[in-house]
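**Student:** What follows is a protein structure lacking sequence information:
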């Protein structure tokens, strides 16, 4: 089952809409119990005391809430936020989640939703369908998301699981189920690979204001520091992957600092690195080695890109599995699952003969493209 509900605007235009809808929160208030307890009763969990069950059912009856009807629903929503609808990586996450749902006899509803991270959670307007428990039981939160949406889902008592790699400014301990791809370890592994090939002047290209670049940079920095090398970054404040790779590389070359290898924070950025190097008359890997992350386009490039293979289908399957377990046991402790990555060695990196380096590398090379080149509003999240 496929549906699309583009989030048309961040602020509620009609603040009274939906106020008359009765849900589990109202049942919990009348029964004097927690939202989790009401959810357990609705899902038939036998660990709830019989007296409490009666109180919850009585409250539900007063509000004309039919638990039996709600329990007939066997559909999850895949809420795809703030990303390009044709994004390869997230499309594969959806495929994995849908396969898992089908194995368990559940349907998957696809919804797209755009919102700004700056809008207060009270003013976000969710697609109506995910607020209807008789249609959707829980939500897989994909794309790129911020604390305001997380807070809104929690306040509304909507069960969800999140893709942890793409949560912006999520510094506090997560209170919900989350699935990660171990891109930090993957970035560490590919950087160690470059170091073992003899590279010392390795530069990271990306936009560390975005969480997936930030995580890759963390793994890269750890490997460099352990080897006694200074991390170097060519940072581009853009939301376009190809632009990040191209302009980051151009800025790096213009600095005339020594560089023998470039690690791009994802494969599409590495594609931009390839173009910049070739436009500058440089060869890969004879002049500069290049590595990427996520293996979405690495096999299509020439020479083939050394990269970190992630497993988006497994991310989707595990997100769906966690969500179905959460529906069956709403009171359980939050769970976190991390899917490992794999280093894929191709032809874009070469062994570098050991030779002394006389130049002192710099820490940061920041290059800010003109606003006209970006063409996006500052308060929008990335849509590669």
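**Tutor:** That came through fine. All values derive from a computational prediction rather than experimental measurement.

**Student:** Do you know the pLDDT at residue 77?
**Tutor:** What the model reports for residue 77 is a pLDDT of 96.

**Student:** Spell out which strands sit alongside the helix or strand where it lies in the sheet and which way each one runs.
**Tutor:** Residue 77 belongs to strand 75-81 when assigned by DSSP states H and E. Take DSSP bridges as the rule and strand 75-81 pairs in its sheet with strand 107-113 (parallel), strand 138-143 (parallel).

**Student:** now what about the shortest one, what contacts it?
**Tutor:** Think strand 138-143. Strand 138-143 is contacted from outside by 76-83, 90, 93-94, 97, 113, 130, 149-150, 153, 158-163, 166, 316, 319-320, 323, 326-327, using C-beta atoms under 8 Å, 6 or more residues apart in numbering. All C-beta atoms are positioned from the backbone trio N, CA, C, and that covers glycine.

**Student:** and the stretch of helix or strand residue 27 belongs to, which residues are buried?
**Tutor:** Using DSSP H and E, residue 27 maps to helix 24-31. Judged by neighbour count (16 or more other C-beta atoms under 10 Å), helix 24-31 contains these buried residues: 24, 26, 27, 28, 31.

**Student:** Go through the residues you listed and name the one nearest residue 307.
**Tutor:** residue 24 (44.6 Å; C-beta to C-beta).

**Student:** ok, and the closest residue to the closest one other than its chain neighbours, which helix or strand is that part of?
**Tutor:** Spatial nearest neighbour of residue 24, excluding adjacent residues (C-beta to C-beta, 6 or more residues apart in numbering): residue 38 at 4.8 Å. Element membership for residue 38, per DSSP H and E: helix 35-42.

**Student:** And the average pLDDT for that helix is what?
**Tutor:** Average pLDDT, helix 35-42: 80.

**Student:** Would you mark the buried spots in the helix or strand following that helix?
**Tutor:** The C-terminal neighbour of helix 35-42 among helices and strands, as given by DSSP H and E, is helix 50-62. Of all the residues in helix 50-62, those buried under the rule 16+ other C-beta under 10 Å are 52, 53, 55, 56, 57, 59, 60.

**Student:** ok, now stretch 248-265?
**Tutor:** The neighbour-count check on stretch 248-265 (16+ other C-beta under 10 Å) flags 248-253, 255, 257, 259-265 as buried.

**Student:** Quick one: distance of it to the chain centre.
**Tutor:** Here stretch 248-265 is found 27 Å from its chain centre; the criterion is C-alpha atoms, centre = their mean, to the nearest Å.

**Student:** Repeat that for stretch 59-69.
**Tutor:** The answer for stretch 59-69 is 36 Å, by C-alpha atoms, centre = their mean.

**Student:** Go ahead and name everything in contact with it.
**Tutor:** 22, 23, 24, 26, 27, 28, 30, 31, 41, 42, 57, 134.
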